[in-house]
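>>> next one to model:
(one chain, ligands or ions: 1)
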Amino acid sequence: MDWLYHRSIFDFDSMTDLNKDLRQYLDQNYSLHIPMSTKKERSFDGTIKWMIDQGESQAIEAVYIPEKNRGTLCVSSQIGCLIDCPFCATGHQGFNRNLSSAEIIGQVLLAKQDLQNEFKRDDLITNIVFMGMGEPLANFSETVRATKILTDPNGFNISRRRVTISTSGLVPQIIKLADHVNVSLAISLHAPFDELRNELVPINRIHPIESLLSACWFYAKKQNLKTVTFEYTLLKNVNDLREHAKQLAKLLKNRPAKVNLIPFNKFPGVVYEPTPPDQINEFRNILLESGIMAITRTTRGDDIQAACGQLAGTVNNLAKKSLRQKLKKTLN
Ligand code: SF4
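Sure, this is the predicted structure:
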């Protein structure tokens, strides 16, 4: 791990403090390589997006977002996504397969190497968020393995609180996660009551809001988290009314919660429209007045389709019917 993650050596023969037999064994049984980026795009705001080849004409995306005091890398956990949220470009692409922990970590290695080549610094990635393509908790064991490498002192040695797993709300997996890693948790909430969330985040039909929030408070308590982050993408006249803000405040009042309000980023083929900025402010003020911590997330990289909800990659969809169609059939 030291050779790989601290010294960036990707050739077993150069790992000179390992004995020769072991080096030979490793060489014969394992391979080391950093994945290939087929396209690199740069936003006017400094955000960088890599498209990464996954073989079989498929690709995932990873995004680096530089800020004043930190640099966040947003990684993908699956090729596509089955959850099929209708306002998300990844969901529209369908689903092909889970990524291995090596493929998740490969995104970090690629970004680190590329940033090092360009800026001559190896400390630019300070935070990792599992908010790229896919539902990380639907790829539980590989997400956990990758997370352990990210936080291990012999690995990337990133502080546990600077790694965030974001989920649409797989309740049993959130509870199970507490037994495996202690990292920050974010929930794609997007609606304050079940009827609306069933549409916007279809997994809600299996794991409704009440059970989801109980799992969050359980995780926060067990892992001693100050807050769980609730992501809320504002869609014009869908989930952005005063009533929605009040209901959201009621759900989260006196709980270890903070809300990230996300301006909607349009992509081709989507019917939703963004909420105007003054209405986003009004929504936020209602939350703040109710004592709920809330910030409006600045849109980054939307000119290169790298903003929240815009990651698409290239996915050979194997999910013949979307989760939404399947859920409608079984639950309606
Ligand atoms: S928002 Fe997340 S869970 Fe929903 S479709 Fe997109 S990637 Fe999947």
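>>> which ones are touching the residue nearest the centre of the chain?
Nearest to the mean C-alpha position of the chain, by CA atoms, centre = their mean, lies Met131 at 1.2 Å. Listed by CB atoms under 8 Å, 6 or more residues apart in numbering, the contact partners of Met131 are Cys74, Thr164, Ser166, Ala186, Cys308. No exception for glycine: its C-beta is placed from N, CA and C like everyone else's.
>>> strands of this protein, start to end?
Listed in chain order, the strands of the chain (DSSP state E) span 37-42, 48-53, 59-66, 71-74, 78-80, 95-98, 127-130, 163-167, 184-188, 228-234, 257-263, 293-296.
>>> how's this protein carved up into domains?
Listed by automatic domain parsing, the domain ranges of the chain are 1-32, 35-331.
>>> please identify the deepest-packed of these.
Among the domains of the chain, ranked by average contacts under mean count of other CB atoms under 10 Å, first place goes to domain 35-331 (a mean of 19).
>>> that one and the ligand, are they touching?
Yes - remark: domain 35-331 sits within contact range of the ligand at Cys81, Ile83, Asp84, Cys85, Cys88, Thr90, Gly91, Met133, Gly134, Glu135, Ser168, Ser188, by CB under 6 Å from any ligand atom.
>>> mind putting those residues in TSV, pLDDT included?
Converted to TSV, these look like this (pLDDT from 0 to 100):
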residue	pLDDT
Cys81	93
Ile83	92
Asp84	90
Cys85	93
Cys88	91
Thr90	87
Gly91	85
Met133	95
Gly134	96
Glu135	96
Ser168	97
Ser188	97
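>>> okay, and for the stretch 201-332 of the chain, where does confidence drop off?
Scanning the stretch 201-332 of the chain for pLDDT under 70 picks out 320-332.
>>> what about the helices in it?
209-222, 242-252, 277-289, 323-331 (DSSP state H, counting those that start in this stretch).
>>> could I get those helices as a markdown table with distance to Leu196?
Shown next, in a markdown table, are the helices of the stretch 201-332 of the chain (distance: least, CB to CB, whole Å):
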| stretch | distance to Leu196 |
| --- | --- |
| helix 209-222 | 10 |
| helix 242-252 | 8 |
| helix 277-289 | 15 |
| helix 323-331 | 14 |
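>>> how close does the closest residue to Asn157 other than its chain neighbours sit to the ligand?
Nearest non-adjacent residue to Asn157, counting by CB to CB, 6 or more residues apart in numbering: Thr151, 7.4 Å away. Counting by CB to the nearest ligand atom, to the nearest Å, the gap from Thr151 to the ligand is 22 Å.
>>> and Thr151, what does it touch?
Contacts of Thr151 by CB under 8 Å, 6+ apart are Asn157, Ile158, Ser159, Arg160, Val163, Val181, Val183.
>>> output stretch 260-278 as PDB - backbone C-alpha positions only.
Extracted C-alpha coordinates of stretch 260-278, given in PDB (Å, rounded to 0.1, in the frame of the first residue of the first chain):
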ATOM      1  CA  ASN A 260     -28.000  21.200   1.000                       C
ATOM      2  CA  LEU A 261     -30.300  22.900  -1.500                       C
ATOM      3  CA  ILE A 262     -29.200  22.100  -5.000                       C
ATOM      4  CA  PRO A 263     -30.300  24.200  -8.000                       C
ATOM      5  CA  PHE A 264     -31.500  21.800 -10.700                       C
ATOM      6  CA  ASN A 265     -29.100  21.400 -13.600                       C
ATOM      7  CA  LYS A 266     -30.900  20.600 -16.800                       C
ATOM      8  CA  PHE A 267     -29.800  17.900 -19.300                       C
ATOM      9  CA  PRO A 268     -31.200  16.900 -22.700                       C
ATOM     10  CA  GLY A 269     -34.600  15.100 -22.500                       C
ATOM     11  CA  VAL A 270     -35.600  16.100 -19.000                       C
ATOM     12  CA  VAL A 271     -39.000  17.700 -18.300                       C
ATOM     13  CA  TYR A 272     -38.100  19.600 -15.100                       C
ATOM     14  CA  GLU A 273     -37.200  23.200 -14.800                       C
ATOM     15  CA  PRO A 274     -34.900  24.900 -12.300                       C
ATOM     16  CA  THR A 275     -36.400  27.000  -9.400                       C
ATOM     17  CA  PRO A 276     -35.500  30.700  -9.800                       C
ATOM     18  CA  PRO A 277     -32.800  31.900  -7.300                       C
ATOM     19  CA  ASP A 278     -35.100  34.200  -5.300                       C
END
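>>> got the contact list for that stretch?
86-87, 89, 92, 186, 229-238, 240, 280, 283-284, 294-297, 299, 302, 305, 307-310, 312.
>>> where are the low-confidence patches of the stretch 51-200 of the chain?
Residues of the stretch 51-200 of the chain meeting the criterion pLDDT under 70: none.
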